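> have a look at this prediction, sequence included:
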Amino acid sequence: MDKPRVAIFDFACCEGCQLQIVNLEEELLDVLSLVQPVEWREAISDQSDTYDIAIVEGSITRPGDEEKLRQIRSRAKVLVALGACATMGGVNKLKNNFTMEDVRREVYGKDGSMPHLDTAPTKALDEVVKVDLKIHGCPINNKEFAYILRCLALGKTPAIPNYPVCVECKMRGNVCRYEYNEICLGPVTRAGCDAKCPSAGFWCFGCRGYVDDPNVQAAREVMEHYGKTMEDLKGRLLLFNSKQEATENVK
Amino acid sequence: MSIKKIGPAALERWVDGLIGRQTVIGVQAKGDKFAFAPLAKTSALRLDYDVAVTAPKAFLQPPCETLLRFNPKGYESVVDEQPFVLFGVHPYDAAAILQMDVVFAEGQADIHYLKRRAQATLVVSDVQQPSANVFAGCMNTAVLEQGGDVMLTRIGDAYLVESRSDKGAALVKSLAGEPDAAPADLQLRKKTWDDNRKRLRRHELKVKPGDLPALLARSYDHPVWEEKSKRCFSCGSCNLVCPTCYCFNVRDDVRWDLQSGERVRTWDGCMLAEFALVAGGHNFRKKKPERYRHRYLRKGQYLFEQHRQIACVGCGRCIGACVTKIANPVEIYNRLAEGPR
């Protein structure tokens, strides 16, 4: 059987998730045993319009991006959103808290109104096209990427955690950040990162997005217990989860 | 077997000697908390700890472990048979381990747990500093009168060392030349035990542990489940810090050849949204109140029906671990005891 042809594309992002794939290093040869990359700007010079799987990172932030993404979708049998910018808009959605005029002026000053700097509110990929699979995180966990790739090669549905980061934090024996009166987004954030940030002494920033049924209401109710305010909570949520439904419900 | 009395210098000689011969997992400082970890020297041992962040069960049922490796020709079980010492286990955690021993041995015996357990020597240490939420005194687990391999009790600057098994006797062999505890020392130990039964009650349970199964059985439709679970994150923290929670998930992961690989088991918890999700997509405890109720009924009723043991040892970890403060078993049990409202 021919190996599936894979193309990797990027929209508005830092391309760090592609870099995580490159960072598989010695395992890259194993990746090549399963798939045939035909376009991947960060790693190869080939380009192709014929592929089975499109792996797309980045957010849709300019009107022209939407058409390009639709074209990718029409060519691919499977479309995978790679990383927070693609799966939910991520930090790019911070922009959506302002008017586009303010955004352009803030970034480009008096040149902000020039036509080539046209910009639109950020969209995650699934706000434009159908997405078959999301690989979460900022950046993605490349071990999870590798696992997902093997599952797809076997025709098996990968097990993507739908439980909060707290699970992995407890498994690593971490002391809860709330014990130090810090707001941590772990209790509402999808695990799969191996609780990297809390294990390094930080709170969870929420980069993998919300679990399917986040209890943000509960988070609101305990802020006072930890000497915090609703604004403190909202401030944390906005970084990766701006304009997400659960974030909007924090009032 | 005689009970020895050893001073700080003899303790250090003894434990350093053990470290030289085998792996010693001892309780140590972790920031301003405490945790069990491989011990490099006796001076790092903190027998004056209040509670370990993670229950020592983690060294018997690790958070993540490989059960077997497979390839197209067959499979082979993976069992860990390295001897080790768990040093400084509090009585309530030891009581929990004794419960796990029953659970993993019944039915299809779990060789991964049992073989590891057989290699473990349990050094139990009486509580010197009660933690903020401990209520072991209410659960009859503040003191471990029997069980474990070695029992340590601090008396002034010295420790009483009691060997309680063949494994324990082997471990304390080098203490043969130390003096035996005098009757007065044993009196002091008894006083420590009596004190701990009274001291380890940061929350006061108003019902007897033995009454919990019947209390829970008649509280199935109590409003407290709905009320409290509104603030539940379904994060499983109360499960994962619990020394008597042993539920696990099993997953196969293949290597790049897509033919060989390993079967891995990880901790799981009944408070997680997909814990009771089965093939076909049905989740038989889909709602938060159902899961929240299940945890209490499992601990105080269902497991009692199976093993005649209350699966709560009063360590109080769940109380501290719950971010929204809904996981205090004493609060719930007392509330249920007030009646159906």
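Noted; the coordinates are in hand.
> let me see the ranges of the helices in the stretch 51-200 of chain B.
For the stretch 51-200 of chain B, applying DSSP state H, counting those that start in this stretch gives helices covering B:91-105, B:111-119, B:166-171, B:183-199.
> cool, the stretch 101-250 of chain A as well?
For the stretch 101-250 of chain A, the helices defined by DSSP H, counting those that start in this stretch cover A:142-154, A:166-171, A:196-199, A:216-222, A:230-241, A:245-248.
> what is the rounded mean pLDDT of the first one?
Per-region confidence: helix A:142-154 scores 94 on mean pLDDT.
> same thing with the third one?
On average, the pLDDT along helix A:196-199 is 97.
> contacting residues around it?
A:Val165, A:Cys169, A:Arg172, A:Asn174, A:Arg177, A:Cys184, A:Gly186, A:Trp203, A:Cys204, A:Phe205 (C-beta atoms under 8 Å, 6 or more residues apart in numbering or on different chains). All C-beta atoms are positioned from the backbone trio N, CA, C, and that covers glycine.
> can you name the residues of chain B that neighbour chain A?
B:30-31, B:33, B:35, B:53-54, B:58, B:63-64, B:230-237, B:240-241, B:251, B:253-256, B:258, B:266-267, B:269, B:272-274, B:320-321, B:323-325 (C-beta under 8 Å from any C-beta of the partner chain).
> please indicate which of those residues are buried?
B:30, B:33, B:35, B:53-54, B:58, B:63, B:231-237, B:240-241, B:254, B:256, B:267, B:269, B:272-274, B:320-321, B:323-324 (16 or more other C-beta atoms under 10 Å in any protein chain shown).
> rewinding a little: so can I have JSON lines of the helices of the stretch 101-250 of chain A showing mean neighbour count and distance to B:Phe284?
As requested, the helices of the stretch 101-250 of chain A are exported to JSON lines (neighbours: other C-beta atoms under 10 Å in any protein chain shown; distance: least, C-beta to C-beta, whole Å):
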{"stretch": "helix A:142-154", "mean neighbour count": "19", "distance to B:Phe284": "26"}
{"stretch": "helix A:166-171", "mean neighbour count": "27", "distance to B:Phe284": "20"}
{"stretch": "helix A:196-199", "mean neighbour count": "18", "distance to B:Phe284": "31"}
{"stretch": "helix A:216-222", "mean neighbour count": "19", "distance to B:Phe284": "23"}
{"stretch": "helix A:230-241", "mean neighbour count": "19", "distance to B:Phe284": "31"}
{"stretch": "helix A:245-248", "mean neighbour count": "15", "distance to B:Phe284": "26"}
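> and B:Glu162, how far from A:Met114?
Distance of B:Glu162 to A:Met114, given as C-beta to C-beta, to the nearest Å: 83 Å.
> ok, A:Ala7 - contacts?
A:Pro37, A:Val38, A:Glu39, A:Trp40, A:Ser48, A:Tyr51, A:Ile53, A:Ala54, A:Ile55, A:Ile72, A:Ala76.
> apply 6 Å and report the result again.
For A:Ala7, the contact set (C-beta atoms under 6 Å, 6 or more residues apart in numbering or on different chains) comprises A:Val38, A:Glu39, A:Tyr51, A:Ala54.
> buried among the residues you listed? Make that a ChimeraX selection.
Under the burial definition 16+ other C-beta under 10 Å, those of the contacts of A:Ala7 that qualify are selected in ChimeraX by:
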select /A:38,39,51,54
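> just the ones of the contacts of A:Ala7 in strands?
Among the contacts of A:Ala7, the ones falling in strands (DSSP state E) are A:Val38, A:Glu39, A:Ala54.
> what lies in contact with the lowest-mean-pLDDT helix or strand in chain B?
Least confident helix or strand of chain B, by mean pLDDT, DSSP states H and E, is helix B:303-307 with a mean of 92. The contact list for helix B:303-307, computed with C-beta under 6 Å, 6+ apart, reads B:Val102, B:Pro213, B:Ile310, B:Ala311.
> which one of the residues you listed sits closest to A:Lys251?
The shortest approach to A:Lys251 among the contacts of helix B:303-307 belongs to B:Ala311, at 40.5 Å (C-beta to C-beta).
> quick revisit: dump the contacts of A:Ala7 into CSV; add distance to A:Thr87 as well.
Below are the contacts of A:Ala7 laid out as CSV (distance: C-beta to C-beta, whole Å):
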residue, distance to A:Thr87
A:Val38, 23
A:Glu39, 21
A:Tyr51, 20
A:Ala54, 14
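> any idea which of the contacts of A:Ala7 is closest to chain B?
A:Val38 (20.0 Å; C-beta to the nearest C-beta).
> and that closest one, how far from B:Val85?
Using C-beta to C-beta, A:Val38 is found at 57 Å from B:Val85.
> repeat that for A:Asp46.
Going from A:Asp46 to B:Val85 by C-beta to C-beta gives 58 Å.
> mind listing what's buried in the helix or strand containing A:Glu67?
In the assignment (DSSP states H and E), A:Glu67 maps to helix A:63-75. Residues A:Asp65, A:Glu66, A:Leu69, A:Ile72, A:Arg73 are the ones in helix A:63-75 that count as buried (16+ other C-beta under 10 Å).
> next structured bit after that helix?
Counting by DSSP H and E, what follows helix A:63-75 is strand A:78-82.
> centre of the chain to the following helix or strand past that following strand, how far?
Downstream of strand A:78-82, the next assigned helix or strand under DSSP H and E is helix A:84-87. Offset of helix A:84-87 from its chain centre (C-alpha atoms, centre = their mean, to the nearest Å): 3 Å.
> write out the residues of the stretch 101-250 of chain A neighbouring chain B.
Counting by C-beta under 6 Å from any C-beta of the partner chain, the stretch 101-250 of chain A comes close to chain B at A:150, A:153-154, A:162-164, A:166-167, A:170-171, A:173, A:175, A:178, A:187, A:215, A:218, A:222.
> A:Asp46 and B:Val85: who's more crowded?
With neighbours defined as other C-beta atoms under 10 Å in any protein chain shown, A:Asp46 and B:Val85 compare such that B:Val85 has more, 24 against 11.
> read off the pLDDT value for the more buried one.
Confidence at B:Val85, expressed as pLDDT, is 98.
> bridged to A:Leu133, which residues?
A:Val80 (DSSP bridges).
> just give me the neighbour total for it.
18.
> got it, and A:Ser45?
Using other C-beta under 10 Å, the number of residues around A:Ser45 comes to 7.
> distance of it relative to chain B?
Using C-beta to the nearest C-beta, to the nearest Å, A:Ser45 is found at 25 Å from chain B.
> for chain A, give me the ranges with low pLDDT.
Scanning chain A for pLDDT under 70 picks out A:1.
> residue contacts, B:Tyr75?
B:Tyr75 touches B:Leu68, counting by C-beta under 6 Å, 6+ apart.
> partner residues bridging it?
Here B:Tyr75 sits in beta bridges with B:Phe70, as judged by DSSP bridges.
> show me where the stretch 201-341 of chain B has strands.
B:248-254, B:261-267 (DSSP state E, counting those that start in this stretch).
> partners of the first one, with directions?
According to DSSP bridges, the neighbouring strands of strand B:248-254, each with its direction, are strand B:261-267 (antiparallel).
> list the buried ones in the strand it pairs with?
By 16+ other C-beta under 10 Å, the buried positions in strand B:261-267 come out as B:Gly261, B:Glu262, B:Arg263, B:Val264, B:Arg265, B:Trp267.
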